[in-house]
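Asker: Got a predicted structure plus its sequence, pasted below:
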Amino acid sequence: MEDVLRLHSETLQYAAFFGLFASLGGLELWLSKEKAQRGQRWRTNIALTVLCVLVIGALPVSAVIAADYAATSQTGLLNITDLPLIIALVVGVLLRSFLSYLTHVAFHRAPWLWRLHAVHHMDTDMDVTTAVRMHPFEFIVSAVFVLPCIVAFGIPVEAIILYEILDAGMAVATHTNLRVPERIDRVLRWFLVTPTMHRIHHSAWQPETDSNFGATFSIWDHVFGTYRAASRDGVAPARLGLEGGELTACHHLGHLLALPVLGVPDSHDSQVNMHKGAG
């Protein structure tokens, strides 16, 4: 199993991401009642996606390399326990998703990290192009935190690869402006992040922005009390982006890349500083 996953992992990740990007994007154009802004917004989002893919490919160390090191040196929690492979895989995938949850919370709580992550939240609309609308440096900072934790937990290589394939597809699926039927959505969101659930996270109202941090699994939001079932506006927020975001070049590529230096709208800077003080 490990050999097969290693051999095809990158192909499967790109297939999951770009396959859903093309199929859900096509359905958005055809079926969605919400006409997302296009033009400059699409050009900027796609340019950021390309930059992020290039940065990820250029990183000298990956999650798989970290997991390999842990396995070879018999380092980490799961490597010193005698768990059956299937249990180790399930626990490993859950632990990897937990690291994503913690990292996401940190990017909202720490002011200097928020300046990177705000690039994602300054999108004034939401569709599949929002999925990897990220500052490229965010992936570098995330790696600095996540890779040592993978070693500390001893997450198996197979679990890392399985999670990365699932996460690649879910990144697109959770940002689509298509809607899952409400009855199905209510069931799914007990363990998976749904588009409606994640849309609340993209609300322009800060208390909703600081909720529903899960990227793939919703379990950690339920466990740590960051889950929000509905927006104050109803099922989903009426306005996306950031408070004060209309005063900045939300879809200007150069502005977004310089955001760590330029800063984000004052209303959100102050809210993040309040979180820091409360912590």
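Answerer: Sure thing, it's come through.

Asker: Checking the closest residue to residue 122 other than its chain neighbours next. Helix, strand or coil?
Answerer: Distance criterion C-beta to C-beta, 6 or more residues apart in numbering; nearest residue to residue 122, sequence neighbours excluded, is residue 250 at 4.7 Å. Where you see a C-beta, it was placed from the backbone N, CA and C, and this is true even at glycine. Recorded secondary structure, residue 250: coil (DSSP: H, G, I helix; E, B strand; the rest coil).

Asker: centroid residue for the chain?
Answerer: Taking C-alpha atoms, centre = their mean, the centroid of the chain lies closest to residue 215, which sits 4.6 Å from it.

Asker: so who does residue 51 touch?
Answerer: residue 136 (C-beta atoms under 8 Å, 6 or more residues apart in numbering).

Asker: What separation do you get for it and residue 132?
Answerer: Using C-beta to C-beta, to the nearest Å, residue 51 is found at 9 Å from residue 132.

Asker: and what of residue 149?
Answerer: Taking C-beta to C-beta, one finds residue 149 at 22 Å from residue 132.

Asker: between the two, which one's more packed in?
Answerer: Higher neighbour count among residue 149 and residue 132: residue 132, with 24 against 17, using other C-beta atoms under 10 Å.

Asker: all helices for this structure, in order.
Answerer: Listed in chain order, the helices of the chain (DSSP state H) span 2-31, 40-58, 63-72, 85-109, 111-121, 136-153, 157-173, 182-188, 195-201, 206-209, 219-224, 253-257, 259-262, 266-278.

Asker: For residue 236, which of those is the nearest?
Answerer: Closest to residue 236 of the helices of the chain is helix 195-201 (C-beta to C-beta; 4.8 Å).

Asker: Check which helices and strands that closest one is in contact with.
Answerer: helix 206-209 (3 or more C-beta pairs under 8 Å, 6 or more residues apart in numbering; DSSP states H and E).
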